[in-house]
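[1] sharing a sequence plus its predicted fold:
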Amino acid sequence: MTSPAVDALDRRIAGLRTTLERVAQNLVELDGDVTRQTLDASSSLTGQTAEQWHKAGRRLSYLWSGQLALADTLEQVTRTRGSKSFLSRAALGRLTDLLDGPSVAVPRPEPQRSLTEGTAPTDTCTVDDVISRMSSEYEVVMALVNEVAAVWTLIVPRLAALESMVTELETKADGHAVRRPNDLAMARRALSDAGEGCRCDPLGFPHEVLDQITTMIARASTALRESLVLQEELEGNLDALSLSLDECADALAQTRVIQAEVAARVVLHDEERSRLKRMGTVLDDLRLELADASRRTTASPTQAACGLRALQVHVDGLRGQIDDLQETARSAVAARDELRGRLDAYRAKAQALGHGEDLEIHRLYVDARDVLFSAPCDLVEAGALVTAYQRSLSTAPLRAQPKGVSSWPSA
């Protein structure tokens, strides 16, 4: 039967063995941790991460050295304890010194050696002190590894999702031949910098940059949507202008036909023919302006929109001029017919006033009639002759028309 002192000692030895088994298990798991292995294998760490991982390397070295030193101490304790059920007072004293005294030689965490120490200075500590210091160092290393793991497992996927959004917007802009918004390029550069920082210095990664990039992408999305709406509007305006120019071309061709038909009946002045020719030149110029505006829609859509609005005003003005020219041509025939009607009315008035046999007045009538019924009719000359005939009636003395005497016959 063992003594209470021996039983207590055995329990302490068993507890130390269990603790060292847990320490070894945790260190092996840490050694196999993917994040730790990646940090250890990386040659591109920078900033806070490089600095902290350099310090963590010394801590890991201390942990393994401490574990080996404790294992050596445990082996020495086990060997000293032996298998006897009874231990002498001296043996108990030696075991107590090993378990409670400064019996564990471990490397100094911050190797600052004195003049008389070797190249690898050590500190001699108690078992509990070594375990306590190892626990603290382990917690620091695990906190660092977990913090890096959190960045690499949470931030990297978010950056990848944001990059996908940027790529989608770039593809959309390119597919619609729209200039990429400036915020899109800024977001792309920020993502590149953030990705580099996340890989090389996860501990120094500025988390607020995620919100900044998200805001850039949102602004870019809004700008792109507005650009697409503007592009659709521009395309509609381009189509409408092209249609308007085609209609102007058709109206211009119709005006040429009308002028040709009218010219066979009424003398057209050279100014009207010149106007028609100038309108054709203006139409050609407007087509060139439309083609130029179409090329500018991608590079400068806002400027192109202003240009198209101004161009629409010019096209509308041209169409109005063409319509006026058509109306002028048509009104020439109507003016001739109106002069013919006036001449007939004045002739009837002459007969009613008894001037049917007045040779001078009748000559004026014949002159006006000959011009009005010639082809093409000179409206200026015809108008002057009709007016002269009218005035001759106004100034001639009133004569009674004898009953039964007919007036001059119609020519």
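    Looks like it came in fine.
[2] and the one helix or strand residue 225 maps to, what does it pack against?
    In this structure, residue 225 sits in helix 208-263 according to DSSP states H and E. Applying 3 or more Cβ pairs under 8 Å, 6 or more residues apart in numbering; DSSP states H and E, we find helix 208-263 packed against helix 156-175, helix 182-200, helix 270-299, helix 301-352. To be clear about C-beta, it is placed using only N, CA and C from the backbone, and glycine gets the same treatment.
[3] got the domain boundaries for this protein?
    As assigned by automatic domain parsing, the chain contains the domains 4-150, 153-228, 233-333, 336-395.
[4] same list (those) but as TSV, adding mean pLDDT and mean neighbour count.
    Below are the domains of the chain laid out as TSV (pLDDT from 0 to 100; neighbours: other Cβ atoms under 10 Å):
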stretch	mean pLDDT	mean neighbour count
domain 4-150	87	15
domain 153-228	94	16
domain 233-333	89	16
domain 336-395	90	17
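[5] coming back round to it: so which of the helices and strands packed on helix 208-263 comes closest to residue 75?
    Proximity to residue 75 (Cβ to Cβ) singles out helix 182-200 among the helices and strands packed on helix 208-263, at 43.1 Å.
[6] next, the angle from the closest one to helix 208-263.
    Here the directions of helix 182-200 and helix 208-263 differ by 160 degrees (axes from the mean of the first three to the mean of the last three Cα atoms, to 10 degrees).
[7] how distant is helix 182-200 from the center of its chain?
    17 Å (Cα atoms, centre = their mean, to the nearest Å).
[8] can you tell me what sits against it?
    42, 44-47, 49, 151-152, 155-156, 159, 162-163, 166, 169-170, 173, 204-206, 209-210, 212-213, 216-217, 219-220, 223-224 (Cβ atoms under 8 Å, 6 or more residues apart in numbering).
[9] report the secondary structure element holding residue 374.
    Going by DSSP H and E, residue 374 is not in any helix or strand.
[10] so how far is residue 7 from it?
    Going from residue 374 to residue 7 by Cβ to Cβ, to the nearest Å gives 149 Å.
[11] equivalent analysis for residue 347, please.
    From residue 347 across to residue 7, the span is 156 Å (Cβ to Cβ).
[12] can you check residue 50 too?
    Residue 50 sits 52 Å away from residue 7, going by Cβ to Cβ.
[13] got it, and residue 32?
    Taking Cβ to Cβ, one finds residue 32 at 38 Å from residue 7.
[14] ditto for residue 272
    131 Å.
[15] show me the contacts for residue 330.
    258, 262.
[16] host element of residue 95?
    Using DSSP H and E, residue 95 sits within helix 89-100.
[17] ok, and what's touching that helix?
    Contacts with helix 89-100, where a contact means Cβ under 8 Å, 6+ apart, come from 5-6, 9, 12-13, 16, 73, 76-77, 80-81, 87, 103, 126-128.
[18] by contact count, what packs against the helix or strand just after that helix?
    Following helix 89-100 in sequence order, the next helix or strand is strand 104-107 (DSSP H and E). Judged by 3+ Cβ pairs under 8 Å, 6+ apart, the packing partners of strand 104-107 are helix 47-81, strand 122-125, helix 127-150.
[19] quick one: closest of the ones you listed to residue 362.
    Closest among the helices and strands packed on strand 104-107, once you apply Cβ to Cβ, is helix 47-81, at 116.1 Å.
[20] so how far is the closest one off the chain centroid?
    Worked out by Cα atoms, centre = their mean, helix 47-81 lies 56 Å from the chain centre.
[21] just want the angle from it to helix 182-200.
    20 degrees.
[22] quick one, helix 47-81 and helix 127-150 angle?
    Using the same axes, to 10 degrees, helix 47-81 lies at 150 degrees relative to helix 127-150.
[23] which secondary structure elements does helix 47-81 contact?
    helix 4-32, helix 34-41, helix 89-100, strand 104-107, helix 127-150.
[24] need the CA coordinates for the third one. PDB is fine.
    Output of helix 89-100 as PDB, limited to C-alpha atoms (Å, rounded to 0.1, in the frame of the first residue of the first chain):
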ATOM      1  CA  ARG A  89      12.100  10.900   1.700                       C
ATOM      2  CA  ALA A  90      15.100  11.700  -0.500                       C
ATOM      3  CA  ALA A  91      13.300  10.400  -3.600                       C
ATOM      4  CA  LEU A  92      10.200  12.300  -2.800                       C
ATOM      5  CA  GLY A  93      12.300  15.400  -2.400                       C
ATOM      6  CA  ARG A  94      14.000  14.900  -5.800                       C
ATOM      7  CA  LEU A  95      10.600  14.400  -7.500                       C
ATOM      8  CA  THR A  96       9.200  17.500  -5.800                       C
ATOM      9  CA  ASP A  97      12.100  19.500  -6.900                       C
ATOM     10  CA  LEU A  98      11.600  18.300 -10.500                       C
ATOM     11  CA  LEU A  99       7.900  19.000 -10.500                       C
ATOM     12  CA  ASP A 100       7.900  22.300  -8.500                       C
END
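[25] tilt between that helix and helix 47-81?
    Going by the same axes, to 10 degrees, helix 89-100 makes 170 degrees with helix 47-81.
[26] helix 89-100: how far from the chain's middle?
    Put simply, helix 89-100 sits 78 Å off its chain's centre (Cα atoms, centre = their mean).
[27] again with the longest one
    Using Cα atoms, centre = their mean, the distance from the centre of helix 4-32 to the centre of the chain it belongs to is 63 Å.
[28] same check on the fourth one?
    Its chain's C-alpha centre and that of strand 104-107 lie 64 Å apart, by Cα atoms, centre = their mean.
[29] that strand: partners in the sheet, and parallel or antiparallel?
    Here strand 104-107 is paired, per DSSP bridges, with strand 122-125 (antiparallel).
[30] dump the residue contacts of the residue nearest to residue 64 when sequence neighbours are not counted.
    The spatially closest residue to residue 64, leaving aside those adjacent along the chain, is residue 27, at 6.5 Å (Cβ to Cβ, 6 or more residues apart in numbering). The contact partners of residue 27, by Cβ under 8 Å, 6+ apart, come to 63, 64, 67, 138.
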